[in-house]
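S.K.: Any chance you can model this:
(one chain, ligands or ions: 1)
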Amino acid sequence: MRAEEVLRRNDMGEWTRAAPDLYPHQWSWDSGFIAIGLAHLDTARAARELTSLFAHQWKNGKVPHIVFNPEAPPDSYFPGAEHWASAGRFPDAPPAPPYTSALCQPPTHALGALRVWEVAREKGEEYAGRRFLRELYPRLLLWHRYLLTERDPEGSGLVTIYHPWESGTDNSPRFDAALESVEVGEMPPYERQDLNHVDDPAERPTDEEYARYLWLVELIKRARCDEAKIYEGHPFLVKDVLFSTILVAANEALLEIARVVGVPEEDLVLVGGWVERGRAGLDDLWDPELGLCLDRDLRHDASLRARTVAGFAPLIAGDLELARLEALLRTLYSPYFLGEPRLRLPLPPSTSPAQRRFHPRSYWRGPVWPVVSWLLWRSLLRAGESERAEAMRGAALRELAEGGFAEYFEPFTGEALGSHEQSWTAAVALDWLAHDGAS
Ligand code: 2M8
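M.R.: Prediction:
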């Protein structure tokens, strides 16, 4: 099946489901990537992917991590709309139904919006492209402002997450230490649906992890999503370096969008300041020994030491001093990552095979995720490392040509895992293919 077909089959008109069975709803950071892919097929439809998501933005600026599809078959996903229905009555919630989750995910949206504009301009669709950016700009600004205020009362430039689901890299070992200290309380019994849609339960998080995930949801609901209350008592509060660096990249994109839209100078100063603050915050979390940037557990005031792709955050944030860039490239091409001799292709495993509790089939504990390869590819290009970027693009396209548009891949065998028609995988493939003539 071709990338374009995957997106068409998952197209629900105004938005795209993340995957046909496993994920029948709209996911926030998936949509940012999907818009990037759709831009190459139909800029107007790509624009709607984002405007439809932002129609469910919360009053405080939060963009929900899932917008539930009222037409999805009952019991197709857990926790679904019923589980989150009470969140629809919280003070900041948007009108419901459709219901949304009360969590959020990394802000890929400005990256998507900028790509839509770039392609629209190339195609001579400047008028419609600019109109779209004018419509979305204030919403993007509100969203980023939420992340840099409610989620960063410290003013560190780094985003605090309340749940591993907010990171997008759910069961990554980078959260093990913080999650292990979460004690699960009384909850009604529940039935997982995700295991019905994969070949092997080892591809998904464990039951122990799920219990903690649901308990954290329960606590957020009990706090009625009051950010100050959550900050005070929640057992999982982590400064997430991957989330934070995507926000830096998104703020850079927002600056470009702001210039196209033509906004007051003070907006440019504000967003430019966010970019600087984010880079400085990442710099504070640099670990010279691992040659990576590390998340921080605020509850226990401790660094979360794990070798995962999130550690390359400064590379994604860009504008690095030469010494830091070289240190990151050394780690990336070392035996901990791309230099690992067992890798089938030189693509970044989500977790280093040398990391404790690495698992080559388990979700974010080891498999290669095309969207992450896309982020690193883009970062290498921007750092002027065009040969390395090109090698990564070539390897990624080969993996997809052989294994299809799977959610993730076993790093040593290239076996396709998880969902087999994952929208964001098809989307980044389209962007890589469009880059052919450009390289
Ligand atoms: C995965 O997460 C969802 C929960 O949000 C799940 O496992 O049920 C993650 O890979 C996440 O990053 C992604 O956005 C989502 C949909 O593709 O699936």
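
S.K.: Mind telling me which residue of the stretch 101-250 of the chain is nearest the ligand?
M.R.: Gly168 (3.5 Å; CB to the nearest ligand atom). C-betas here are computed from N, CA, C, even on glycine.

S.K.: So that residue sits against Leu242, correct?
M.R.: Yes: using CB atoms under 8 Å, Gly168 is in contact with Leu242, at 7.5 Å.

S.K.: For Thr206, which non-adjacent residue is closest in space?
M.R.: Ranked by CB to CB, 6 or more residues apart in numbering and with sequence neighbours excluded, the top spatial neighbour of Thr206 is Asn171, at 7.7 Å.

S.K.: OK, contacts around that neighbour?
M.R.: Neighbour list for Asn171: Pro164, Pro205, Thr206, Glu209, Ser362, Tyr363, Trp364, Arg365 [criterion: CB atoms under 8 Å, 6 or more residues apart in numbering].

S.K.: now Arg212
M.R.: Applying CB under 8 Å, 6+ apart, the residues near Arg212 are Leu179, Val182, Val184.

S.K.: quick revisit: quick check: neighbours shared by Gly168 and Leu242?
M.R.: By CB under 8 Å, 6+ apart, the residues touching both Gly168 and Leu242 are Pro106.

S.K.: Can you get me the start-to-end distance on stretch 376-387?
M.R.: One end of stretch 376-387 sits 13 Å from the other (CA to CA, to the nearest Å).

S.K.: Quick check: mean pLDDT of that stretch?
M.R.: If you average the pLDDT over stretch 376-387, you get 98.

S.K.: Ok, stretch 158-171 next?
M.R.: Across stretch 158-171, pLDDT averages out at 98.

S.K.: Alpha carbons of that stretch, as CSV, please.
M.R.: These are the backbone C-alpha positions of stretch 158-171, laid out as CSV (Å, rounded to 0.1, in the frame of the first residue of the first chain):
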residue,chain,number,x,y,z
LEU,A,158,10.9,23.5,30.0
VAL,A,159,7.5,21.9,30.0
THR,A,160,6.2,19.8,32.9
ILE,A,161,4.1,16.7,32.1
TYR,A,162,1.6,15.1,34.4
HIS,A,163,1.4,11.7,32.7
PRO,A,164,3.7,9.6,30.4
TRP,A,165,1.0,9.8,27.8
GLU,A,166,1.7,13.5,27.5
SER,A,167,5.2,12.8,26.4
GLY,A,168,4.0,10.7,23.4
THR,A,169,6.7,8.2,24.3
ASP,A,170,4.5,6.5,26.9
ASN,A,171,6.5,3.5,28.2
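
S.K.: what about it, distance to the chain center?
M.R.: In terms of CA atoms, centre = their mean, to the nearest Å, the centre of stretch 158-171 is found 9 Å from the chain centre.

S.K.: Please list the residues of the stretch 51-200 of the chain that sit near the ligand.
M.R.: Residues of the stretch 51-200 of the chain lying near the ligand by CB under 6 Å from any ligand atom: His65, Trp165, Gly168, Asp170, Asp194.

S.K.: Now Arg299. Nearest residue, chain neighbours left out?
M.R.: Using CB to CB, 6+ apart, the nearest residue to Arg299 is Leu237, at 5.2 Å.

S.K.: got a pLDDT number for the one you found?
M.R.: Reported pLDDT for Leu237: 98.

S.K.: Flag the shaky bits of the protein, pLDDT-wise.
M.R.: 1, 437-439 (pLDDT under 70).

S.K.: Longest helix in it, please.
M.R.: With secondary structure taken from DSSP state H, the chain has its longest helix at helix 126-149.

S.K.: Would you list the strands that the helix or strand that that one is followed by pairs with, along with their directions?
M.R.: Counting by DSSP states H and E, the element after helix 126-149 in chain order, helix or strand, is strand 160-161. With DSSP bridges as the test, strand 160-161 is paired with strand 238-239 (antiparallel).
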